[in-house]
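Student: Fold the following.
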Amino acid sequence: MNQSVMRKKALSEYRAVIFDMDGTLYYQKPFRIRMVCYLLGRMLRHPLALGDILLLKRYREVREKWEDYEQTMSFPADMPLEERQYEFVAAQKKVSARRVADAVRFYMQEAPLALLPDYQDEMLAGTIEALRQKGVQVVVYSDYPVEGKLRALGIKADASFTSADERINCMKPDPKGLKVILETLGLRAADAVMVGDRYEKDGLAAIGNQMDYLIVSSSKKEREKLKNLLIS
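Tutor: Next up is the predicted model:
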């Protein structure tokens, strides 16, 4: 597995750098441990929250292998991706899709924001600012909502996209998302590079568009070794 396929010497030599969010712009493993502690505390204070937390667990499992699960159900062609996933989990757990959506919104999109700054990758945050100062477009592309997380991390991007965007409506590693981003920004594949933490998601999405990519380690020590690839 190649962790980096870059035909330029540094990220700053591309016209655009497309960053993944989760596990890339912050360290996901320690953050998840913190979130588990948060969830346990919430269950102790609010025992009825256990049902929503179990829904959340199933939702995450389904999203990780959505391309397999989606084939087991038929959905209207125009149904948004997130609604399909809510409906799928709701049918399995015999609850309303609204309940699944509310649990996801609170536990995955709102509650984590106060905790995120403690786990930011400061090196990549600094790289983003330096790239923008050099006139390189910085884009964030994730399978999950990003705007709230960007604000929490104090990171400014020139554009952001998610799998739920109407023109994308699919998840990585489907190459469609990056294709839409390139078309929207008026870029060729050779103009951009994808930076993420998972080859099987971010790397393969880039390969599907014949784009360069850089996969960063979950280890801060290992990431430090990438400094020479960031800014020239």
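
Student: can you pull out the strands in this protein?
Tutor: Using DSSP state E, the strands of the chain run over 4-5, 16-19, 137-142, 159-162, 192-196, 212-215.

Student: And the helices in the protein, which stretches?
Tutor: Along the chain, counting by DSSP state H, helices occupy 28-45, 49-64, 66-69, 81-93, 97-104, 122-133, 147-153, 176-185, 204-207, 220-224, 227-230.

Student: Show me the shaky parts of this structure.
Tutor: 1-2 (pLDDT under 70).

Student: Apply 90 and report the result again.
Tutor: 1-4, 48, 64, 67-78, 225-232 (pLDDT under 90).

Student: Could you list the domains of it?
Tutor: Following automatic domain parsing, one finds the domains of the chain at 4-27+120-230, 30-114.

Student: and those domains as a markdown table, adding mean neighbour count?
Tutor: Just so you know, the C-beta spots here come from the backbone N, C-alpha and C atoms, and that holds for glycine as well. Below are those laid out as a markdown table (neighbours: other Cβ atoms under 10 Å):
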| stretch | mean neighbour count |
| --- | --- |
| domain 4-27+120-230 | 18 |
| domain 30-114 | 15 |
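
Student: Which residue is the nearest non-sequential neighbour of the most centrally placed residue in the chain?
Tutor: Nearest to the mean C-alpha position of the chain, counting by Cα atoms, centre = their mean, stands residue 142 at 3.0 Å. Once flanking residues are discounted, residue 142 sits nearest to residue 21: 3.9 Å by Cβ to Cβ, 6 or more residues apart in numbering.
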